[in-house]
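1. Quick one: sequence and predicted model below, then my questions.
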Amino acid sequence: MGTLRFLNAGESHGPALTAIIEGLPSNLKVSKEYIDRELARRQSGYGRGGRMKIEKDKVDILSGVRFGYTLGSPLTIVIKNKDWENWTDIMAVEGNPTEKKEVTNPRPGHADLPGGIKYGFYDLRNVLERASARETATRVAVGAVCKQLLEEVGIKIGSYVVSIGNISIKDKIESIPLEERFERAEKSEVRVPLPEFDEEFKELIDRARSEGESLGGIFEVFAVGVPVGLGSHVHWDRRLDGKIAQAMMSIQAMKGVEIGEGFDLAHRFGSKAHDEIFWEKDKGFYHKTNRAGGIEGGITNGEPIIVRVGMKPIPTLMKKRSLRSVNIKTKEPFDAAKERSDVTAVPAAAVVGEAMLAFVLAQSILEKFGNDNWIDIKKRFEEYVAYTKDF
């Protein structure tokens, strides 16, 4: 079978968002309800803007699944945009362009200006509609399918927020197991593993909103139950940490990715930077620390994968804090301001990060164990895990 891949399409205010997943094996159980739950998680989080009050995302599966199981053919997903009804004349496929909602003022920090110059557009709506983070709804849906594959072989993925703005709880959660961090974060309005800090974060978000500001932050995504041997050291583009970093950086507004303890390792002596190796008869090879974040030499080493991602503040600001820019047509200066925007989307971005990690891991599993039938793949996976423990 071919490599697992997906292609998505759609504009922020178009009729719908679409994704096609190719390379899924047959006989994988897929639940629409599971996908809808993941879409709802993406829309949650304190600090979101008005668009989340309009859209209540649900998925329609148009192909590739029959009676709850994949057929081995492409799986097509559609998520309708409810706001489309207000944009039918502006985003029409045919007819003549209208100046209504035309965008000629490029916003600092967005794709507006470089995208307009690259593709030859003076109406920058042609850029921002596709560059919008609304596109990540399809990624979460694709990731939800991949999560269902991973969970069948005991791999679980989760995330949590460690900082928003200048408030961080990173040093307060080190003793909490990863899965417990996730469970606690699911009970938090800002998706932090210590919900008792919610009010402090919410006060910061409210203050930023009142001042017309936005906030970025840092989230962590993890995977537990991952066996030794996914990825490879033999080619640069097969290294799993490279694939994960690219997947995370492809999410809108992400500006930094580190695996394990990442940049902190650069400040240590070698004796304090690496994970010593141990072996026990009933356990096999293992490590007592996980500074590498579960990946060494581009290959999983059997420890949990831990990815830390830094998100910049949303560049769409309110009038009180508008940034200066220049009109793409007239070249006249203006203040870039917007009335409707998120103050922060770090909690939602963490859910998108889960989806991208799920996709990369599902892709790696199918590359290593794949054929056309999930029943056979799962059996090969289980045999390999038993082999690694006896190695």
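-> Thanks, I have it.
2. following the longest helix anywhere in the chain, which helix or strand comes up?
-> In the chain, taking DSSP state H as the definition, the longest helix is helix 346-369. Going down the chain from helix 346-369, the next helix or strand is helix 374-390, by DSSP states H and E.
3. Next, the residues that contact that next one from outside, please.
-> Applying Cβ atoms under 8 Å, 6 or more residues apart in numbering, the external contacts of helix 374-390 come out as 25-28, 70, 149, 152-153, 227-229, 283-284, 302, 365-366, 368-371. (C-beta placed from N, C-alpha, C; glycine too.)
4. Report the angle between the longest helix of the chain and helix 374-390.
-> 90 degrees (axes from the mean of the first three to the mean of the last three Cα atoms, to 10 degrees).
5. In this structure G353 contacts M248, no?
-> Yes: look at G353 against M248 with Cβ atoms under 8 Å: they come within range, at 6.0 Å.
6. quick one, which of the two is more surrounded?
-> The residue with more neighbours, out of G353 and M248, is G353; 29 against 25, by other Cβ atoms under 10 Å.
7. related to what we said a few turns ago, report the buried members of the contacts of helix 374-390.
-> 25-28, 70, 149, 153, 227-229, 302, 365-366, 368-370 (16 or more other Cβ atoms under 10 Å).
8. any idea which of those is closest to F391?
-> Of all the buried ones among the contacts of helix 374-390, V228 has the smallest distance to F391: 8.3 Å, by Cβ to Cβ.
9. And the pLDDT at that closest one?
-> We have a pLDDT of 97 for V228.
10. Helices along the stretch 1-150 of the chain, start to end?
-> With DSSP state H, counting those that start in this stretch applied, the stretch 1-150 of the chain shows helices at 32-42, 51-54, 112-119, 125-131, 136-151, listed in chain order.
11. what comes up buried for the last one?
-> The reference is to helix 136-151. 136-150.
12. That helix packs against which elements?
-> Using 3 or more Cβ pairs under 8 Å, 6 or more residues apart in numbering; DSSP states H and E, the elements in contact with helix 136-151 are strand 5-9, strand 16-22, strand 26-29, helix 32-42, strand 75-80, strand 156-164, helix 346-369.
13. So which of those is nearest I117?
-> Judging those by Cβ to Cβ, what sits closest to I117 is strand 5-9, at 23.1 Å.
14. chain center to that closest one: distance?
-> Centroid separation for strand 5-9 versus its chain: 14 Å, with Cα atoms, centre = their mean, to the nearest Å.
15. quick one, it and strand 75-80 angle?
-> Using the same axes, to 10 degrees: strand 5-9 against strand 75-80 is 30 degrees.
16. Which neighbouring elements make contact with strand 5-9?
-> By 3+ Cβ pairs under 8 Å, 6+ apart, strand 5-9 packs against strand 16-22, helix 136-151.
17. Direction included, what does the first one pair against?
-> Paired neighbours of strand 16-22 in the sheet (DSSP bridges): strand 5-9 (antiparallel), strand 75-80 (antiparallel).
18. Mind listing what's buried along the first one?
-> If you call a residue buried by 16+ other Cβ under 10 Å, then strand 5-9 has these buried ones: F6, N8.
19. Quickly find the element holding Y286.
-> Using DSSP H and E, Y286 falls in strand 284-287.
20. ok, residues contacting the helix or strand following that strand?
-> Using DSSP H and E, the helix or strand that directly follows strand 284-287 along the chain is strand 295-296. Residues from elsewhere that reach strand 295-296 (Cβ under 8 Å, 6+ apart): G231, L240, D241, I244, I259, G260, D275, N301, I305.
21. average pLDDT across strand 295-296?
-> Rounded mean pLDDT across strand 295-296 is 98.
22. chain center to that strand, what's the gap?
-> Here strand 295-296 is found 21 Å from its chain centre; the criterion is Cα atoms, centre = their mean.
23. Quick check: which helices or strands does the helix or strand that it is followed by pack against?
-> Toward the C-terminal end, the helix or strand that comes next after strand 295-296 (DSSP H and E) is strand 299-301. Packed against strand 299-301 by the contact rule (3+ Cβ pairs under 8 Å, 6+ apart) you find strand 228-231.
24. Parallel or antiparallel, list what pairs with the strand it packs on.
-> As assigned by DSSP bridges, strand 228-231 forms pairs with strand 299-301 (antiparallel).
25. any idea how far whatever helix or strand comes next after the partner strand is from the chain center?
-> Once strand 299-301 ends, the next helix or strand along the chain (criterion: DSSP H and E) is strand 305-311. Counting by Cα atoms, centre = their mean, strand 305-311 is centred 10 Å from the centre of its parent chain.
26. outside of strand 305-311, which residues touch it?
-> So strand 305-311 is contacted by 162, 178, 216-223, 226, 244, 248, 251, 253-260, 262, 290, 293-295, 345-346, 349-350, 353, 357, 361 (Cβ under 8 Å, 6+ apart).
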